[in-house]
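In: Attaching a predicted model along with its sequence, questions to come.
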Amino acid sequence: MTSDNDNTGDDSPKMTSSQPYLIRAIYEWIVDNNLTPYLMVDGTRKGAIVPEDYLDDQGRIILNISPSATSELLMTNEEVTFNARFSGQAIGIVVPTYCVKAIYARENGQGMMFNDEGNEDTSEESVRRKKRAMLESVSSGASGDSAPSSESTDDAGDSPPDKKPPAGKGRKGPNLKVVK
């Protein structure tokens, strides 16, 4: 005999992703502590509208989502949207929550990384890009538990596309650990 509260069987209700709730909570926590929230995004996934000139060699972009760097920031369960400036040009950014790889504070690297979950873009091209990115990270000795050491945007959310710092060089970036 099973009770109505027994969620171990196949009849258990499917819950929505916790990721958008965690993104909003960590954003609020970072801002409440007067720090700068950065969002690491996989810009190659379906639905992501980000400036492609700023993507790193693995298709990621780091976005400053502080109140001073964005306007009209909206975080829903489906996506994060806002307006920002890149090289002086205003751009509307759309980031589906499944494209968010991490949210963290620029100043101390504290935040959270996310594993891929739900709404996966399983197109052949996407799978090829992911395999290539995994192989590149393995061949370069990079660990999947830390964020990239270069940023794609500066404090105001803009930097010239021709002045991207080389990956792995320059100042040391945040070091995030995957929490399970």
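Out: Structure's in. What do you need? Numbering: from 1, shown residues only.

In: contacting residues for the residue nearest to Val50 when sequence neighbours are not counted?
Out: Sequence neighbours aside, Gly43 is the residue nearest to Val50 in space, at 4.5 Å (criterion: CB to CB, 6 or more residues apart in numbering). All C-beta atoms are positioned from the backbone trio N, CA, C, and that covers glycine. Counting by CB atoms under 8 Å, 6 or more residues apart in numbering, Gly43 makes contact with Val50, Glu52, Leu55, Gly59, Arg60, Ile61, Cys99.

In: Can you tell me which of these is nearest Pro13?
Out: Cys99 (25.9 Å; CB to CB).

In: Now do that closest one against Leu73, distance only.
Out: 16 Å (CB to CB, to the nearest Å).

In: With neighbour numbers in mind, choose between these two.
Out: Using other CB atoms under 10 Å, the more surrounded residue of Cys99 and Leu73 is Cys99, with 27 against 17.

In: what residues are up against the more buried one?
Out: Val41, Asp42, Gly43, Arg45, Gly47, Ala48.

In: neighbouring contacts of stretch 20-30?
Out: 36-37, 39, 65, 75-78, 80, 97, 100, 103-105, 110-112, 114.

In: Provide a PyMOL selection command restricted to the buried entries of these.
Out: With 16 or more other CB atoms under 10 Å as the burial test, the buried ones among the contacts of stretch 20-30 are selected in PyMOL as follows:
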select buried, resi 36+37+39+65+75+80+97+100+103+104+105+111+112+114
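
In: Which ones among the contacts of stretch 20-30 map onto strands?
Out: Pro37, Leu39, Met75, Val80, Val100, Ile103, Tyr104, Ala105, Gly111, Met112 (DSSP state E).

In: What part of the protein, helix or strand, is modelled with the least confidence?
Out: helix 124-139 (a mean of 51; mean pLDDT, DSSP states H and E).

In: picking that back up, please pick the buried ones from the contacts of Gly43.
Out: By 16+ other CB under 10 Å, the contacts of Gly43 give Val50, Leu55, Gly59, Arg60, Ile61, Cys99 as buried.

In: sorry, back to before: which entry within the contacts of Gly43 corresponds to the minimum pLDDT?
Out: Here the lowest pLDDT out of the contacts of Gly43 sits on Glu52, with 92.

In: quick one on the thing from earlier: report pLDDT for the residue nearest to Val50.
Out: Confidence score, pLDDT, at Gly43: 95.

In: before we move on, what about Pro13?
Out: At Pro13, the model reports a pLDDT of 88.

In: May I see the contacts of Cys99 arranged in TSV, with distance to Lys14 as well?
Out: Compiled in TSV, the contacts of Cys99 are given as follows (distance: CB to CB, whole Å):
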residue	distance to Lys14
Val41	26
Asp42	24
Gly43	28
Arg45	22
Gly47	21
Ala48	25
